[in-house]
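Trainee: sequence first, predicted model second:
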Amino acid sequence: MSDTILTTEAAVHLAHEAYLTAINSNDLARFLTTVTDDIVMMPPNSDPIAGTEAVAAWVAGYFEAVHTVWNKTTVELVVADGLAYEWYRYQSVDTPRDGGEPATDTGNGVNIYRIDADGTWRVWRDIWATAG
């Protein structure tokens, strides 16, 4: 059983890396391959954004407005019952595409991953909050 848990944890870590790489690619199509069809994102100071269509529109606007680079460091990862819960710390740097100074943000977040029917772990929920 411990081999299965390690293998599953490794798969979730790969999903984390795929998600982070997709965000940093600033490519909407690539980003969408790393999330579930019923994704919910909960950005700071915002209502939840639910479902692929709404999330795609929000992320497209974000990618159009800024070139973003995120660093997400896993603090804790728990895998149980087909879900994985990840607490992460982040730093993001958003550079406006129309010029201006980059904005840096730091904070904490929680990703919840779910294994899809094709056996791929994807982000099901992403919740983050600015620190300070």
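Mentor: Received the coordinates, thanks. Being a predicted model, the structure only gives us computed values, none of them experimental.
Trainee: show me which residues of the helix or strand harbouring residue 126 are buried.
Mentor: Assigned by DSSP states H and E, residue 126 belongs to strand 121-130. Neighbour counts over strand 121-130 (16 or more other CB atoms under 10 Å) mark 121, 122, 123, 124, 125, 126, 128 as buried. (Glycine included, C-beta is placed from N, CA and C.)
Trainee: next one: stretch 20-36
Mentor: Buried residues in stretch 20-36 (16+ other CB under 10 Å): 20, 22, 23, 24, 26, 28, 31, 32, 34, 35, 36.
Trainee: looking at this, residue 57 is in a helix?
Mentor: Yes - membership of residue 57 in a helix is supported by DSSP: H, G, I helix; E, B strand; the rest coil.
Trainee: by mean pLDDT, which helix or strand of the protein comes out lowest?
Mentor: Ranked by mean pLDDT, DSSP states H and E, the helix or strand of the chain with the weakest confidence is helix 2-25, at a mean of 86.
Trainee: coming back round to it: reformat the buried residues of strand 121-130 as TSV; add distance to residue 70.
Mentor: Below are the buried residues of strand 121-130 laid out as TSV (distance: CB to CB, whole Å):
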residue	distance to residue 70
121	19
122	17
123	13
124	18
125	17
126	11
128	10
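Trainee: which one of these is nearest to residue 105?
Mentor: residue 128 (9.1 Å; CB to CB).
Trainee: so for the closest one, what's the pLDDT?
Mentor: Residue 128 carries a pLDDT score of 97 in this model.
Trainee: which residue is the nearest non-sequential neighbour of it?
Mentor: Using CB to CB, 6 or more residues apart in numbering and skipping residues adjacent in sequence, the residue nearest residue 128 is residue 109, 3.3 Å away.
Trainee: now that neighbour: which helix or strand?
Mentor: Using DSSP H and E, residue 109 falls in strand 103-115.
Trainee: what residues sit buried inside that strand?
Mentor: 105, 109, 110, 111, 113, 114, 115.
Trainee: ok, and the closest non-adjacent residue to the third one?
Mentor: By the measure of CB to CB, 6+ apart, the closest residue to residue 110 outside its immediate chain neighbours is residue 127, 4.8 Å from it.
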